[in-house]
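[1] got a predicted structure plus its sequence, pasted below:
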Amino acid sequence: MSDPTRDPLPPPASAAPLDRLLAGPVRVVNIGLEQFATDLAGNGAAVVHVEWAPPAAGDTKLAALLAKLGS
Amino acid sequence: MQLIEDANREAVRRIAAAEPVLIDVRPAGEVIPALGDRVLLHAGPPIEWARMCGPMRGAIAGALVFEGWATDLAAAERLAGSGAVAFAPNHHHGAVGPMTGITTRSMPVLVVENRAFGNRAFCTINEGLGKVMRFGGNDAEVLARLAWLRDELASVLAVGLRARGGLALKGVIARGLAMGDEMHQRNVACTSLTVRELAPALAQAAGSTDKLAAALAFIGANDQFFLNIAMAMGKAIMDPVRDIPGSSVVTAMARNGTDFGVRVSATGDRWFVAPVEMPKGMYFPGFSEADANPDMGDSTIVETVGLGGFAMAAAPAVAGFVGAGGAADALDWTRTMYDITLARSAAWTMPSLDFAGVPTAIDVRKVVSTGIAPVINTGIAHKKPGIGQVGAGVVRAPLDCFKQALVAFAATLGVA
């Protein structure tokens, strides 16, 4: 009988690209919350931070209006 | 939406095409027909006496005494609250006023003509620093200064300006930006340039050495003298941008000490209002935020055209004065305002940003989309009437105004 707390997780279907991604030094583009970039940089990763927030701070009604108005 | 892009292109064209010229100084009642008996104009969107803040009430009481409509301040307060006095925003009558912005019929106003479009805008003369009516001051010293402005300085300025053929303002602003002014909390360069330009004409106009000396001493002692000229200029530039169907450009931002109001081109003269914020800034010795009145004045018209907080990069000294950080921070304040505007001024550039133009034409869509509120440099009034200025700082326009404006703007296009 398998023990889900002990058995290793099955490998993801596309493990190879992920392996390649992490095989060398990590280079990160962080979008949104700056703290992630700060933490990674503190651990020696090369990080470029992009300031981004969802339109209208996530207000879906205003965001829908903005989309119709071409903003 | 193509209609919006075309309309906004026209709005930007009108801003860029403006040719503001300071042409005259006139009694307000001569150029603003609505200013009859017991009529007062105030800063910001409409507001009734019961909701007015302390400095606004103080200034109104002082103005009622100044006009002779009340015998003393106590009687003036009773009169103001009785319903026998009419209040209206400056903006409804082609005018603007700093802080409390009180304008009554005998007060002299600066007249700026936008020669590209033929419209005129008005603003009272800056009273100087310290205890003044725009900050709610209303004692005998304040009223005596207003009387001198009305009875002496106004005529010297008027005769001088007319003899000179006016003072073209676009070039003055351009040079002022290169000399460290942002035209809201720092006007020392533009004030100096104005004195230099006007002095010969004032000498001819004054009629006596004493009058000339008094006029030059008053202007020279007040670094903010040019602020009111810049405000009338801002109003003269933005009024022709009103009522362009499909344009999402902000045409006015103004505060009455209780509410902050915004107008957008396509929605015409409708105000979108939210509670004003409290400025964050530096206080004069002996005062703190506990003494401060919330944000107030029509002076945000200078930010509306791309100056003031929007041009902070040009004025690193002011960033320190208003508690907004150092020179690098000043650059960042301006860079952020590019995210909510449609254009960079070709006429007004900033050496510190490699001669980039100031951010101009605030797009209400961009403000709501980014959540970046316009930044405003401002003076801070004491919350009690009669005391005056207690500091200077930076304040943000409330986002709620822009959210309401966006919904109403969309409705003009049948979008919901």
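    Good, I have the coordinates.
[2] tell me which residues in stretch B:314-328 are buried?
    B:314-316, B:318-319, B:321-322, B:324-325 (16 or more other CB atoms under 10 Å in any protein chain shown). The way it works is simple: take the backbone N, C-alpha and C, and place the C-beta from them, glycine included.
[3] meant to ask about stretch B:38-50
    Of the residues in stretch B:38-50, those buried (16+ other CB under 10 Å) are B:38-47.
[4] okay, that stretch in CSV with CA atoms only?
    Provided in CSV are the C-alpha atoms of stretch B:38-50 (Å, rounded to 0.1, in the frame of the first residue of the first chain):
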residue,chain,number,x,y,z
ARG,B,38,-23.0,89.7,-1.0
VAL,B,39,-21.6,87.2,-3.6
LEU,B,40,-18.3,85.4,-2.8
LEU,B,41,-16.3,83.0,-4.9
HIS,B,42,-14.3,80.3,-3.2
ALA,B,43,-11.8,77.6,-4.1
GLY,B,44,-12.8,74.0,-5.1
PRO,B,45,-16.0,72.4,-6.0
PRO,B,46,-19.4,73.8,-4.7
ILE,B,47,-19.9,73.7,-0.9
GLU,B,48,-22.4,75.2,1.5
TRP,B,49,-21.4,77.2,4.6
ALA,B,50,-22.3,74.4,7.0
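[5] and the stretch 251-400 of chain B, which of its residues are near chain A?
    B:363, B:365-366, B:368-371 (CB under 8 Å from any CB of the partner chain).
[6] what residues does chain A have near chain B?
    A:53, A:55-57, A:59, A:62, A:65-66, A:68-71.
[7] mind checking the SS state of the closest residue in space to B:Arg26 that isn't next to it in sequence?
    Once flanking residues are discounted, B:Arg26 sits nearest to B:Val111: 5.8 Å by CB to CB, 6 or more residues apart in numbering or on different chains. Counting by DSSP: H, G, I helix; E, B strand; the rest coil, the backbone at B:Val111 sits in strand.
[8] quick revisit: please pick the buried ones from the residues of chain A next to chain B.
    The neighbour-count test (16+ other CB under 10 Å) marks A:55-56, A:62, A:65-66, A:69, A:71 as buried among the residues of chain A next to chain B.
[9] can you redo these as TSV with secondary structure?
    Formatted as TSV, those follow (three-state DSSP):
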residue	secondary structure
A:Pro55	helix
A:Ala56	helix
A:Leu62	helix
A:Leu65	helix
A:Leu66	helix
A:Leu69	coil
A:Ser71	coil
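[10] hmm, back to that, pull the most distant pair out of the buried residues of stretch B:38-50.
    Across these, the longest distance by CB to CB is 21.2 Å; it joins B:Arg38 and B:Pro45.
[11] just to revisit the earlier point, out of the residues of the stretch 251-400 of chain B next to chain A, which one sits closest to chain A?
    Nearest to chain A among these is B:Arg365, at 3.8 Å by CB to the nearest CB.
[12] where's that closest one relative to A:Ala67, distance?
    When distance is defined by CB to CB, to the nearest Å, B:Arg365 is 10 Å away from A:Ala67.
[13] what about those two, which has more around it?
    Legend: neighbour count by other CB atoms under 10 Å in any protein chain shown for B:Arg365 and A:Ala67, higher for B:Arg365 (29 against 12).
[14] just confirm that one is within a helix.
    Yes - per three-state DSSP, B:Arg365 lies within a helix segment.
[15] could you pull out the helices for the stretch 51-200 of chain B?
    Using DSSP state H, counting those that start in this stretch, the helices of the stretch 51-200 of chain B run over residues B:54-66, B:73-81, B:140-148, B:154-164, B:169-178, B:188-206.
[16] now the last one and helix B:154-164, what's the angle there?
    Put plainly, it is helix B:188-206. Here helix B:188-206 runs at an angle of 90 degrees relative to helix B:154-164 (axes from the mean of the first three to the mean of the last three CA atoms, to 10 degrees).
[17] what's helix B:188-206 in contact with?
    Helix B:188-206 is contacted by residues B:155-161, B:163-164, B:167, B:172-173, B:175-176, B:179-181, B:183, B:212, B:215-216, B:219-220, B:222-226, B:229-230 when judged by CB atoms under 8 Å, 6 or more residues apart in numbering or on different chains.
[18] so where is the stretch 251-400 of chain B shaky, pLDDT-wise?
    Scanning the stretch 251-400 of chain B for pLDDT under 70 picks out nothing.
[19] should've said chain A
    Residues of chain A that meet the cut-off, pLDDT under 70, sit at A:1-15, A:71.
[20] show me the helices in it, by range?
    All helices of chain A, identified by DSSP state H, fall at A:15-23, A:34-42, A:60-68.
[21] let's see the first one as CSV, backbone CA atoms only.
    The C-alpha trace of helix A:15-23 is given here as CSV (Å, rounded to 0.1, in the frame of the first residue of the first chain):
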residue,chain,number,x,y,z
ALA,A,15,10.4,17.8,-16.4
ALA,A,16,13.1,18.2,-19.0
PRO,A,17,12.6,22.0,-19.7
LEU,A,18,12.3,22.6,-16.0
ASP,A,19,15.5,20.8,-15.4
ARG,A,20,17.2,22.9,-18.0
LEU,A,21,15.8,26.0,-16.5
LEU,A,22,17.4,25.3,-13.1
ALA,A,23,20.6,23.6,-14.4
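[22] and it, which residues are buried?
    Result for helix A:15-23 [16+ other CB under 10 Å]: no buried residues.
[23] now stretch B:233-242
    When burial is assessed from 16+ other CB under 10 Å, stretch B:233-242 yields the following buried residues: B:233-242.
[24] and B:Gly379, what element?
    B:Gly379 belongs to strand B:375-381 when assigned by DSSP states H and E.
[25] please name every helix or strand in contact with that strand.
    strand B:280-283, strand B:296-297, helix B:301-304, helix B:327-338, strand B:389-396 (3 or more CB pairs under 8 Å, 6 or more residues apart in numbering or on different chains; DSSP states H and E).
[26] so for B:Gly414, which of those sits nearest?
    helix B:301-304 (27.1 Å).
[27] using PDB, write out the CA atom coordinates for that closest one.
    This file holds the C-alpha atoms of helix B:301-304, laid out as PDB (Å, rounded to 0.1, in the frame of the first residue of the first chain):
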ATOM      1  CA  ILE B 301      -4.700  74.000 -11.800                       C
ATOM      2  CA  VAL B 302      -0.900  74.200 -12.100                       C
ATOM      3  CA  GLU B 303      -0.600  70.400 -11.800                       C
ATOM      4  CA  THR B 304      -3.400  70.100 -14.300                       C
END
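[28] continuing past it, what's the next helix or strand?
    As assigned by DSSP H and E, the chain's next helix or strand after helix B:301-304 is helix B:316-321.
[29] can you tell me what sits against that next one?
    B:180, B:182, B:184-186, B:282, B:312, B:324-327, B:329-330, B:333, B:352, B:377, B:392.
[30] write the PyMOL selection for whichever of those are buried.
    Buried residues within the contacts of helix B:316-321, by 16+ other CB under 10 Å, are selected in PyMOL with:
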select buried, chain B and resi 180+182+184+185+186+282+312+324+325+330+333+352+377+392
